[in-house]
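A.B. asks: Below are the sequence and a predicted model for it; my questions follow.
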Amino acid sequence: MTRHRPRGIRVLKIAARLIAMSLVILAIQSLTNNSRAAESPRAGSRSRSAGDDGAEFQQTSAIEPDEPPATEPMPGPDDQQPGMEAVPPGWASAGALQHGPSDPMFPIMHDAWEGWQTKPLLVNSSSWFEPTRFYTSTDAVVLNHPIPRRSGLHSLTIDAANGDRVNENLLSLGVTGGSRVAIGYWICRTPDKWEHSVEAIYDGPENWHRAYEVIARQPGSLFNQGNVTLGGFNGADAAFFYYKSVYDSGEINLRFTRRFGRDQLVYGDDGIWKQEAEDGTTFTFLLGLRDVVLQEKFDFMARRDNVPTTVFGGEEHIRTNNNLLGLSLGSELLYHHDTWYLGIRGKGAPSLNFAEAISELTFNDATLGVVTQQHKSTHTDAAFVSDMSLFAGWQIRPRLDFHISYDFTWLTTIALAPKQLNFTSFALKTVDNNSDIFLNGASLGMGFRW
């Protein structure tokens, strides 16, 4: 009867044989290298001899057993190579690994193990922080759209049964997600240590939307405060609102960044001098063009239960478009510590706001019957866009970093859709652009250079 060994045991035995063969080969290779090193004659060395005309170098023969070992002269300032400043004579240069009689039997395996355990990352400005040709970053953004400010609260409807007012406190759109993408190109470096680059940034689209409803305490108790005699909006059982806002921002900037100072030479525990970047700050100046677009939509509908709109009902649909175009100025201050950094960035753009408002009004009035009107108005005015960001990051690799930030954006002199409601005079004669909005939120992303 033939006994079959389990397949797992056969695989383990084959692996053990391969490992044993590899160890034997490495041992033979190590012994061969040591014997060759022992048989090879020592190379001639240089010694210093003093004469009346000063020190000079002479080539000598191989060192005899009774002769003291020759010493290398201290290199002069002109003989030093880049990255080797103040390296003591006879000490190994960066990357030079030497083995002696007290080294382990398998130097290759020993060096790999020791390097894995103790070798730190060599963080220097030339390989970690200096610009390459292109760079890019992508961020996931979470942004809050709060209650509109500055121009006061606009009353939407009032419940005559208890006097409750519904105004713009109801219209906080909350938080939504978006994205931010930047791509840049390094141009040049000036003799006065400034890095020049150009970059394009797109932020958006952040899209907020929310629906609301107000139910009357008593049937027919909802009225419009602006015009209590207007049919279709007064004496309603319910009111419905829908508010939507979309934010986009694009900019092209020139970046002028003060480059890092000189790196420092640090003598490591492994006996090797290393070039490392010093902790410090860098300053960046920004100059460019920026275009911000804020589009909004607001729907207001009044209804009675089980009553068709041909008998009672009112609707108003408003759309606004703000296009803020201006010159962007900003600065950035960054502090580096090893591979970590944190900073603050601020930008401001004096702009012109090309605002537009479109209104579509439909209502059923006992005297006027069914009325449908459409109005469009435009207005151009001075506005301002400002940003501030607090950010921190980790340079995980020379070309890759992760970063987080908290961002604030303030838009002034803009036209918000709910502000355009006007039940006193049907015609939308002018655009109400006396509103401000203060967006804020967090972002998380990564950057890459190539």
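C.D. replies: Perfect, thanks for sending it.
A.B. asks: Every contact and neighbour count from this point should use C-alpha atoms.
C.D. replies: OK.
A.B. asks: Direction included, what does the lengthiest strand in the chain pair against?
C.D. replies: Counting by DSSP state E, the longest strand found in the chain is strand 369-397. As defined by DSSP bridges, the strand partners of strand 369-397 come to strand 340-365 (antiparallel), strand 400-414 (antiparallel).
A.B. asks: which regions of the stretch 1-150 of the chain lie under the pLDDT threshold?
C.D. replies: For the stretch 1-150 of the chain, the stretches with pLDDT under 70 are 1-131, 149-150.
A.B. asks: Do a quick rundown of the strands in the stretch 151-300 of the chain.
C.D. replies: Taking DSSP state E, counting those that start in this stretch as the test, the strands found in the stretch 151-300 of the chain are 155-159, 164-167, 174-189, 194-215, 222-223, 238-258, 264-267, 273-276, 280-303.
A.B. asks: Tell me which of the ones you listed is the most buried.
C.D. replies: Sort the strands of the stretch 151-300 of the chain by mean neighbour count, taking mean count of other Cα atoms under 10 Å, and strand 222-223 sits at the top with a mean of 28.
A.B. asks: what's the pLDDT at the residue nearest to residue 136 when sequence neighbours are not counted?
C.D. replies: Once flanking residues are discounted, residue 136 sits nearest to residue 183: 4.2 Å by Cα to Cα, 6 or more residues apart in numbering. Among the per-residue scores, residue 183 shows a pLDDT of 95.
A.B. asks: Surely residue 183 touches residue 135?
C.D. replies: Yes - counting by Cα atoms under 8 Å, residue 135 is a contact partner of residue 183 at 5.8 Å.
A.B. asks: that older thread, for residue 374, see how far away the residue nearest to residue 136 is.
C.D. replies: Residue 183 sits 43 Å away from residue 374, taking Cα to Cα, to the nearest Å as the criterion.
A.B. asks: In a helix, residue 419, correct?
C.D. replies: Yes - under DSSP: H, G, I helix; E, B strand; the rest coil, residue 419 falls within a helix.
A.B. asks: so how far is residue 333 from it?
C.D. replies: Taking Cα to Cα, one finds residue 419 at 39 Å from residue 333.
A.B. asks: So which of these two has more stuff around it?
C.D. replies: Legend: neighbour count by other Cα atoms under 10 Å for residue 419 and residue 333, higher for residue 419 (23 against 15).
A.B. asks: Isn't the more buried one up against residue 432?
C.D. replies: Yes - between residue 419 and residue 432 there is a contact under Cα under 8 Å: 6.6 Å.
A.B. asks: about what we covered before: how about the strands paired with strand 369-397 in TSV, adding mean pLDDT, distance to residue 301 and mean neighbour count?
C.D. replies: Output for those, formatted as TSV (pLDDT from 0 to 100; distance: least, Cα to Cα, whole Å; neighbours: other Cα atoms under 10 Å):
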stretch	mean pLDDT	distance to residue 301	mean neighbour count
strand 340-365	92	10	20
strand 400-414	95	24	19
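A.B. asks: Redo the ones you listed as TSV? Include distance to residue 384.
C.D. replies: Output for the strands paired with strand 369-397, formatted as TSV (distance: least, Cα to Cα, whole Å):
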stretch	distance to residue 384
strand 340-365	5
strand 400-414	5
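A.B. asks: on that earlier part again, for the residue nearest to residue 136, name its beta-bridge partners.
C.D. replies: residue 136, residue 200.
A.B. asks: and if you look at residue 394?
C.D. replies: With DSSP bridges as the rule, residue 394 is bridged to residue 340, residue 402.
A.B. asks: ok, now which ones touch it?
C.D. replies: 339-341, 401-403 (Cα atoms under 8 Å, 6 or more residues apart in numbering).
A.B. asks: of these, closest to residue 442?
C.D. replies: residue 403 (11.0 Å; Cα to Cα).
A.B. asks: correct me, but that closest one touches residue 392?
C.D. replies: Yes - between residue 403 and residue 392 there is a contact under Cα under 8 Å: 5.6 Å.
A.B. asks: pLDDT below threshold where in the stretch 201-350 of the chain?
C.D. replies: 260-264, 274-277.
A.B. asks: how near is the residue nearest to residue 159 when sequence neighbours are not counted to residue 249?
C.D. replies: Among residues not flanking residue 159 along the chain, residue 222 sits closest, at 4.6 Å (Cα to Cα, 6+ apart). Counting by Cα to Cα, the gap from residue 222 to residue 249 is 39 Å.
A.B. asks: in the sheet, who's paired with residue 349?
C.D. replies: residue 385.
A.B. asks: and it, what is it in contact with?
C.D. replies: Residue 349 touches 290, 326-329, 384-386, counting by Cα under 8 Å, 6+ apart.
A.B. asks: make it 7 Å
C.D. replies: 326-329, 384-386 (Cα atoms under 7 Å, 6 or more residues apart in numbering).
A.B. asks: these two touch, right, residue 284 and residue 256?
C.D. replies: Yes - contact criterion Cα atoms under 7 Å: residue 284 and residue 256 qualify, at 5.4 Å.
A.B. asks: Narrow the contacts of residue 349 to just the buried residues.
C.D. replies: 326-329, 384-386 (16 or more other Cα atoms under 10 Å).
A.B. asks: Turn those into a markdown table, columns for distance to residue 203.
C.D. replies: Listed next are the buried ones among the contacts of residue 349 as a markdown table, based on distance: Cα to Cα, whole Å:
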| residue | distance to residue 203 |
| --- | --- |
| 326 | 16 |
| 327 | 17 |
| 328 | 15 |
| 329 | 17 |
| 384 | 17 |
| 385 | 14 |
| 386 | 14 |
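A.B. asks: closest one to residue 145 among the strands of the stretch 151-300 of the chain?
C.D. replies: In terms of Cα to Cα, the element of the strands of the stretch 151-300 of the chain nearest to residue 145 is strand 174-189, at 5.4 Å.
A.B. asks: ok, back up a step: out of the strands paired with strand 369-397, which gets nearest to residue 278?
C.D. replies: strand 340-365 (12.1 Å).
A.B. asks: orientation of the closest one relative to strand 280-303 in degrees?
C.D. replies: Calculated by axes from the mean of the first three to the mean of the last three Cα atoms, to 10 degrees, strand 340-365 forms an angle of 20 degrees with strand 280-303.
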